[in-house]
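Colleague: Give me the fold of what follows.
(2 chains)
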2 protein chains.
Amino acid sequence: MRNPVLVELVRGALVESRHRGAVAVVDADGASVLALGEVARPVYPRSAVKPLQALPLVESGAAERYGFGDTEIALACASHGGEPAHVEVANRMLARAGLDAAALECGAHWPSHQPSAQALARSGGAPSALHNNCSGKHAGFLCVACAASVDHRGYVAADHLVQREVRAAVEDLTGVGFGADVCGIDGCSIPTWGVPLERLALAFARFGTGRRMGQKRAKAAARIRAACAAQPYYVAGSGRFCTEIMKRFGARVLAKTGAEGVFCGALPEQGIGIAVKCDDGATRAAEVAMAAMIARFLPLSAEERGALDKFVRPTLHNWNGIEVGGLRAGDDLLQGHSG
Amino acid sequence: MRNPVLVELVRGALVESRHRGAVAVVDADGASVLALGEVARPVYPRSAVKPLQALPLVESGAAERYGFGDTEIALACASHGGEPAHVEVANRMLARAGLDAAALECGAHWPSHQPSAQALARSGGAPSALHNNCSGKHAGFLCVACAASVDHRGYVAADHLVQREVRAAVEDLTGVGFGADVCGIDGCSIPTWGVPLERLALAFARFGTGRRMGQKRAKAAARIRAACAAQPYYVAGSGRFCTEIMKRFGARVLAKTGAEGVFCGALPEQGIGIAVKCDDGATRAAEVAMAAMIARFLPLSAEERGALDKFVRPTLHNWNGIEVGGLRAGDDLLQGHSG
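Modeller: Take a look at the predicted model:
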């Protein structure tokens, strides 16, 4: 089976590029709402499951113990741009547990937010692990270790308490047991486990509704959702898709990007979870697909539909600001057969 | 018809992403050597035809009049990284024609070479049109206009003398007449014309051999090839695929990248041209496909084969420098049926 074209790039008279992929929309009972392409094939969720990976931070009581509010919990779910405010909050989270940036094992990279990267260079600075898009998640991991009074060193390894708890939470919500046959190493050095796309959608349906999960876990999921809805800037950053969508729709949409063309989300009021994987790993196409799913399944006012349109059909401009084309969702996404 | 998988990304236990696309390999008489996927569909060549777009600069005598050597002619074919040496040569080309950066109509962007971008920011500078990856090509365009004593303003427009000459050269070598039905606007604001992939390969077979073209054009093509082979750093830049390949193989390989997953090249000694288009626009996959074509059609010593392997099977490392996976050419590329 081959996956359908989810998104096309149009330039002038021609379709210039095409992105294939799969999309699963599932309710909290596991019933399929929409299935496009190979939804049973395992895909690495990468950063798209960060909100689920933050469950141990809240469930263990570590977030409460260290006095974390919406901002810190949102940053624990983030693929942030390395903007100064992101760095500051990551640093503060570490300080609450008596740690500093030296404890982070995610590696360093320049801020993905270009003005922040340029400002850092202008100031003569160099990137640290705090600028890593995953630093909030890793600060949360470290807090889990510290609150449990275990040695935090090596917390990225699969057999460390932190990763065992993170893995158990994701296994619980997806209903899948992970083995070496689906294991990869993520950009920030923690394990990433391949999950069938339909099970990622199921996990987000559960996470978004609190249904079909233990009471304590449901409460933690609600806390994390509320934090992301209240502080969406800390989940991604200036101008970023996740941030803009959650700023606009608040608690009605949870949206989280992952590397290599993955996108997960939930529409809690509709009781559904959404998972997207673009075959080729393109973020630009995963964003359009996610926007198209929101447009399709979330009841919208005319004004909201208009605001969403720039994400469903983003325009492309060249270096002189001339509009040269745009991306558009394919027919399958907009009206393909529901499953 | 759907295009085959050209390149896969493997991470840990799974194939994480897949890039589909088409590849055409053609000789100077138009005979197909290899055809994978939809080679008759028009694709925008984008920057991949810059060596062909430089023909008017040499044929018109402008390059000679302004005293251009290998460096300037190579930069006229470049998608460069905006490194200081690239900027300096672009500036010098303009000065020879009595112009400066203000005449460039390509727009400004930060250097794609990250250390150069960071150095520019550290120095308190801002990017100009000279940093645009196309500034060498545009400097060449301006020289064509000045040498012909026509007003250079508006030289990016389809009906300006410069673009008419550029278009005529590409139409001649591809054997295709361009109309509004295949016209788009490129990142640097000039027209880009859709060409069937097999015709792009034909054009590069001709350009690479000087066969099936007028004597003056063949001489100009030889001059441009010699410049790229002598100064490959000026065709792309530090660590870039085109530069590394041409540094290694000299005049035996002409390789030129284009945006949205296009790659064109020629193996002059084998008398063939190569054109690649990844459906999804991914440069990483187009590079692997191009490397695989070189490995397949260029006779190589064991040492050369070893050196090429890092381009055919590049490894991926995460922020901690851990090898987490790699790209690999698909079976069709390595041994698919020749046409």
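Colleague: for the residue nearest to the spatial centre of chain A, helix, strand, or coil?
Modeller: Centroid-nearest residue in chain A, with C-alpha atoms, centre = their mean: A:Lys256, separated by 2.5 Å. At A:Lys256, secondary structure determined by DSSP: H, G, I helix; E, B strand; the rest coil is strand.
Colleague: got it, and A:Ile274?
Modeller: Going by three-state DSSP: A:Ile274 is strand.
Colleague: what bridges to it?
Modeller: Taking DSSP bridges as the rule, A:Ile274 bridges to A:Val25, A:Gly265.
Colleague: mind listing what it touches?
Modeller: Applying C-beta atoms under 8 Å, 6 or more residues apart in numbering or on different chains to A:Ile274 gives the contacts A:23-25, A:201, A:204, A:263-267, A:290, A:293, A:297. To be clear about C-beta, it is placed using only N, CA and C from the backbone, and glycine gets the same treatment.
Colleague: Nearest to chain B among those?
Modeller: A:Phe263 (14.0 Å; C-beta to the nearest C-beta).
Colleague: how close does the residue nearest to the centre of chain A sit to A:Gly187?
Modeller: 15 Å (C-beta to C-beta, to the nearest Å).
Colleague: likewise A:Asn320?
Modeller: Distance from A:Asn320 to A:Gly187, by C-beta to C-beta: 34 Å.
Colleague: What of A:Gln215?
Modeller: 34 Å.
Colleague: Who has more neighbours out of those two?
Modeller: A:Gly187 (25 against 8; other C-beta atoms under 10 Å in any protein chain shown).
Colleague: which residues does the more buried one contact?
Modeller: A:46, A:107, A:134, A:259, B:318-319, B:324.
Colleague: Tell me where the stretch 1-150 of chain A is predicted with low confidence.
Modeller: A:1 (pLDDT under 70).
Colleague: please redo it, this time with the cut-off set to 50
Modeller: Low-confidence segments of the stretch 1-150 of chain A, defined by pLDDT under 50, are absent.
Colleague: and it, which of its residues are near chain B?
Modeller: Counting by C-beta under 8 Å from any C-beta of the partner chain, the residues of the stretch 1-150 of chain A close to chain B are A:2, A:9, A:11-14, A:16-20, A:42-44, A:105-110, A:114, A:117-119, A:121-122, A:124, A:132.
Colleague: hmm, which of those residues are the buried ones?
Modeller: By neighbour count, with 16 or more other C-beta atoms under 10 Å in any protein chain shown, those hold A:9, A:11-14, A:16-20, A:42-44, A:105-110, A:117-118, A:121, A:132 as buried.
Colleague: Just the ones of these in helices?
Modeller: A:117-118, A:121 (DSSP state H).
Colleague: Let me have the contacts of A:Ile274 in a markdown table, extended by distance to B:Leu75 and neighbour count.
Modeller: Shown next, in a markdown table, are the contacts of A:Ile274 (distance: C-beta to C-beta, whole Å; neighbours: other C-beta atoms under 10 Å in any protein chain shown):
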| residue | distance to B:Leu75 | neighbour count |
| --- | --- | --- |
| A:Val23 | 44 | 29 |
| A:Ala24 | 49 | 29 |
| A:Val25 | 50 | 28 |
| A:Ala201 | 50 | 32 |
| A:Phe204 | 50 | 33 |
| A:Phe263 | 40 | 29 |
| A:Cys264 | 45 | 31 |
| A:Gly265 | 46 | 27 |
| A:Ala266 | 51 | 27 |
| A:Leu267 | 52 | 24 |
| A:Met290 | 41 | 28 |
| A:Met293 | 45 | 29 |
| A:Phe297 | 51 | 17 |
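Colleague: Out of the residues you listed, which is nearest to B:Pro51?
Modeller: Relative to B:Pro51, the closest of the contacts of A:Ile274 is A:Phe263; by C-beta to C-beta it sits at 38.7 Å.
Colleague: what about the helix or strand containing the closest one, distance to the chain center?
Modeller: Using DSSP states H and E, A:Phe263 sits within strand A:262-267. Distance of strand A:262-267 from its chain centroid, counting by C-alpha atoms, centre = their mean, to the nearest Å, is 7 Å.
Colleague: Need the contact partners of it.
Modeller: A:43-49, A:200-201, A:203-205, A:207-209, A:225, A:252-258, A:272-278, A:286-287, A:289-290, A:293-294, A:297-298.
Colleague: and what of stretch A:129-137?
Modeller: A:47, A:50, A:53-54, A:72, A:74-82, A:86-87, A:89-91, A:93, A:101, A:104-112, A:120, A:138, A:187-188, A:234, B:319.
Colleague: Okay, now the unreliable bits of the stretch 201-339 of chain A?
Modeller: For the stretch 201-339 of chain A, the ranges with pLDDT under 50 are A:339.
Colleague: ok, which residues in the stretch 201-339 of chain A are in contact with chain B?
Modeller: A:260-261, A:278-282, A:285, A:318-322, A:324-325.
Colleague: of the residues you listed, buried ones?
Modeller: A:260-261, A:278-282, A:285, A:318-320, A:324-325.
Colleague: which one of those residues sits closest to chain B?
Modeller: For these, the nearest to chain B is A:Trp319 (2.7 Å; C-beta to the nearest C-beta).
Colleague: ok, the closest one touching B:Trp110?
Modeller: No. A:Trp319 is beyond contact range of B:Trp110, at 10.6 Å (criterion: C-beta atoms under 8 Å).
Colleague: in chain A, which spans are helices?
Modeller: Under DSSP H, chain A gives helices at A:50-53, A:55-59, A:62-65, A:70-76, A:84-96, A:114-122, A:135-147, A:161-174, A:197-209, A:215-230, A:241-249, A:283-297, A:302-312, A:331-335.
Colleague: between the longest one and helix A:197-209, how many degrees?
Modeller: Going back to what we said before, that points to helix A:215-230. Using axes from the mean of the first three to the mean of the last three C-alpha atoms, to 10 degrees, one finds that helix A:215-230 and helix A:197-209 are set 80 degrees apart in direction.
Colleague: Could you list the residues in contact with helix A:215-230?
Modeller: A:51, A:54-55, A:58-59, A:63, A:69-71, A:73-74, A:77, A:169, A:172, A:206-208, A:210-211, A:213, A:235, A:246, A:250-251, A:254, A:266, A:268.
Colleague: rerun at 7 Å
Modeller: Contacts with helix A:215-230, where a contact means C-beta atoms under 7 Å, 6 or more residues apart in numbering or on different chains, come from A:51, A:54-55, A:58-59, A:70, A:73-74, A:77, A:207-208, A:210, A:235, A:246, A:250-251, A:254, A:268.
Colleague: Return it as PDB; C-alpha atoms alone will do.
Modeller: Extracted in PDB, the C-alpha atoms of helix A:215-230 (Å, rounded to 0.1, in the frame of the first residue of the first chain):
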ATOM      1  CA  GLN A 215      -7.900   8.700  37.600                       C
ATOM      2  CA  LYS A 216      -4.500  10.000  38.700                       C
ATOM      3  CA  ARG A 217      -3.300   9.900  35.100                       C
ATOM      4  CA  ALA A 218      -6.500  11.600  33.900                       C
ATOM      5  CA  LYS A 219      -5.900  14.400  36.400                       C
ATOM      6  CA  ALA A 220      -2.300  14.800  35.300                       C
ATOM      7  CA  ALA A 221      -3.300  14.900  31.600                       C
ATOM      8  CA  ALA A 222      -5.900  17.600  32.400                       C
ATOM      9  CA  ARG A 223      -3.200  19.600  34.200                       C
ATOM     10  CA  ILE A 224      -0.800  19.400  31.300                       C
ATOM     11  CA  ARG A 225      -3.500  20.300  28.800                       C
ATOM     12  CA  ALA A 226      -4.500  23.300  30.900                       C
ATOM     13  CA  ALA A 227      -0.900  24.500  31.000                       C
ATOM     14  CA  CYS A 228      -0.400  24.200  27.300                       C
ATOM     15  CA  ALA A 229      -3.700  26.100  26.600                       C
ATOM     16  CA  ALA A 230      -2.700  28.800  29.100                       C
END
